[in-house]
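[1] Quick one, structure for this:
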Amino acid sequence: MFIKAEIWTVGRTETGMAALLRLPSSAQCVPVYVEANEAQAILTSLAGVKEKPPGLPEVFTAFCRAVSVEPESVEILRGKAPGHYRSVIHFSGGDTRFTLDSRTPEALAVAVRTGIPIFLEDSISEEDSINVSMTETEMPFATQLSRLQDELGRRVEEEDYEQAANIRDRIHQIEQRMRTETE
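    A predicted model of the protein is given here:
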């Protein structure tokens, strides 16, 4: 069985850099340990930043578009140790459906870049999850902006323009704080 999760943030833990996958409606997260360059790829994907030259997630998604194949989902499966997993990316295109094995950090970056869902094997969420508490203002700016931009898109799609305006204002506040802190 699988449980849907989302990347909450990427940060340093006691045992190294990790992407924290948040479980639905929970303060529980599963750390997926990554190298610094993998953390950077995930963070730039979260922020919607186009890398120059393009990184693996961007090249991969461009290739998928070119051959008319769509990634559908990522499944993260138990690996050899807590925090280390193996992943499968599911694809479809035309009458074809197939899967590819992937390193988990790259699968996460592709999932973020393409907006496909991430699913955790339920034993991972039961055995490897940790409690995390962090207020929105403590989140990295890129993470806050990414979450708010996603929410803004959903609100506009639902024609909830009042909430969309509030979210837009919040995005402007964060962008202003970012400019102020870099000066």
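[2] Can you identify each of the helices in this structure by residue range?
    All helices of the chain, identified by DSSP state H, fall at 36-47, 56-66, 104-114, 122-128, 141-157, 161-182.
[3] Output the contacting helices and strands for the first one.
    Counting by 3 or more Cβ pairs under 8 Å, 6 or more residues apart in numbering; DSSP states H and E, the packing neighbours recorded for helix 36-47 are strand 2-13, strand 16-22, helix 56-66, helix 104-114, helix 141-157. From N, CA and C alone the C-beta is placed, and that goes for glycine too.
[4] Output these as JSON lines; include the columns mean pLDDT, mean neighbour count and distance to A164.
    Shown next, in JSON lines, are the helices and strands packed on helix 36-47 (pLDDT from 0 to 100; neighbours: other Cβ atoms under 10 Å; distance: least, Cβ to Cβ, whole Å):
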{"stretch": "strand 2-13", "mean pLDDT": "85", "mean neighbour count": "18", "distance to A164": "21"}
{"stretch": "strand 16-22", "mean pLDDT": "86", "mean neighbour count": "21", "distance to A164": "23"}
{"stretch": "helix 56-66", "mean pLDDT": "82", "mean neighbour count": "15", "distance to A164": "26"}
{"stretch": "helix 104-114", "mean pLDDT": "88", "mean neighbour count": "24", "distance to A164": "22"}
{"stretch": "helix 141-157", "mean pLDDT": "76", "mean neighbour count": "17", "distance to A164": "4"}
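[5] now the helices of the chain in CSV, with distance to Y85?
    CSV is the format used below for the helices of the chain (distance: least, Cβ to Cβ, whole Å):
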stretch, distance to Y85
helix 36-47, 13
helix 56-66, 18
helix 104-114, 5
helix 122-128, 7
helix 141-157, 21
helix 161-182, 31
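[6] of all these, which lies closest to T15?
    With Cβ to Cβ as the measure, helix 122-128 is the member of the helices of the chain nearest T15 (12.2 Å).
[7] quick one: that closest one to chain centroid distance?
    For helix 122-128, the gap between its own C-alpha mean and the chain's C-alpha mean amounts to 19 Å (Cα atoms, centre = their mean, to the nearest Å).
[8] check contacts around the closest residue to S123 other than its chain neighbours.
    Leaving out its chain neighbours, the residue that sits closest to S123 by Cβ to Cβ, 6 or more residues apart in numbering is R78, at 6.0 Å. Neighbouring residues of R78 by Cβ atoms under 8 Å, 6 or more residues apart in numbering: Y85, R86, E121, S123, I124.
[9] Next, format these as CSV and append pLDDT and neighbour count.
    Below are the contacts of R78 laid out as CSV (pLDDT from 0 to 100; neighbours: other Cβ atoms under 10 Å):
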residue, pLDDT, neighbour count
Y85, 89, 24
R86, 91, 16
E121, 92, 18
S123, 86, 11
I124, 87, 23
